[in-house]
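[1] Structure for the following, please:
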Amino acid sequence: MAAAKAVKACREKRRMDAFEEIFRKVDHNCSGSITMEEYLAMFNDHGASLTKSETSQLVRLAGENGKLRKDDFVELVKNSRTFSKTFDKNKDSIVTEAEMTTRCEIAFKALDMNNTGYVTAKHIKKLTPKLSQAERDALMAKLDSDGDGQLCYAEFQKLFIKTSPTAKKK
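    A predicted model of the protein is given here:
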């Protein structure tokens, strides 16, 4: 009986540690809080949407300033069916950073083999071999917002953002 309780406590600790690690990943500016927009973007990046009740709970916890502290974040994700369904790939109730990785991050890391933090036109050619050189040049020009001839992750991410009329622009 004591062993079962110890295993359960250990599992719960791992689960809470994982939630806190995810919070740190979403808290881009390390302020100790995240906006509702950042919370929702976590789901949008994976093509998921919150239920009405989850959205209501988000608004309630975020309060007037629209921000979530780490404890609020943990409470939300711990009880969110959408979170579990979207991110808990192996159904063990523990969401790892690998499970949070988006297709965009996977593609970016695969193309940025030398870990420069940038993707070049040469890399884009590998990603889109069926496009003509003119089409690839136009794509690079569209994505390369600072005109430096390479794409940082934020620029590359534009390839993966939904462009339907209902999609929220970042």
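
[2] which parts of the helix ranked longest in the chain are buried?
    Longest helix in the chain by number of residues (criterion: DSSP state H): helix 2-26. Using 16 or more other C-beta atoms under 10 Å as the burial criterion, the residues of helix 2-26 that qualify are Arg15, Ala18, Phe19, Ile22, Phe23, Val26. To be clear about C-beta, it is placed using only N, CA and C from the backbone, and glycine gets the same treatment.

[3] check contacts around the residue nearest to the third one when sequence neighbours are not counted.
    In this structure, Phe19 finds its nearest non-sequential neighbour in Val74, 4.6 Å apart by C-beta to C-beta, 6 or more residues apart in numbering. Residues touching Val74, when contacts are defined by C-beta atoms under 8 Å, 6 or more residues apart in numbering, comprise Met16, Phe19, Glu20, Phe23.

[4] For those, please prepare CSV with the additional fields distance to Asn79 and pLDDT.
    Below are those laid out as CSV (distance: C-beta to C-beta, whole Å; pLDDT from 0 to 100):
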residue, distance to Asn79, pLDDT
Met16, 13, 85
Phe19, 11, 85
Glu20, 16, 87
Phe23, 15, 88
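
[5] tell me which of the residues you listed is nearest to Asp146?
    Compare each of the contacts of Val74 with Asp146 using C-beta to C-beta and the shortest gap goes to Phe23, at 29.4 Å.

[6] wouldn't that closest one be in contact with Asp71 here?
    No. Between Phe23 and Asp71 there is no contact under C-beta atoms under 8 Å: 9.5 Å.

[7] how much space between the residue nearest in space to the middle of the chain and Lys91?
    The C-alpha lying nearest the average C-alpha coordinate of the chain belongs to Met42 (C-alpha atoms, centre = their mean; 4.4 Å). Distance, Met42 to Lys91, using C-beta to C-beta, to the nearest Å: 19 Å.

[8] still on that earlier bit, tell me the backbone dihedrals of the residue nearest to the centre of the chain, please.
    The phi and psi values for Met42, taken as degrees, to the nearest 10, are phi -60, psi -40.
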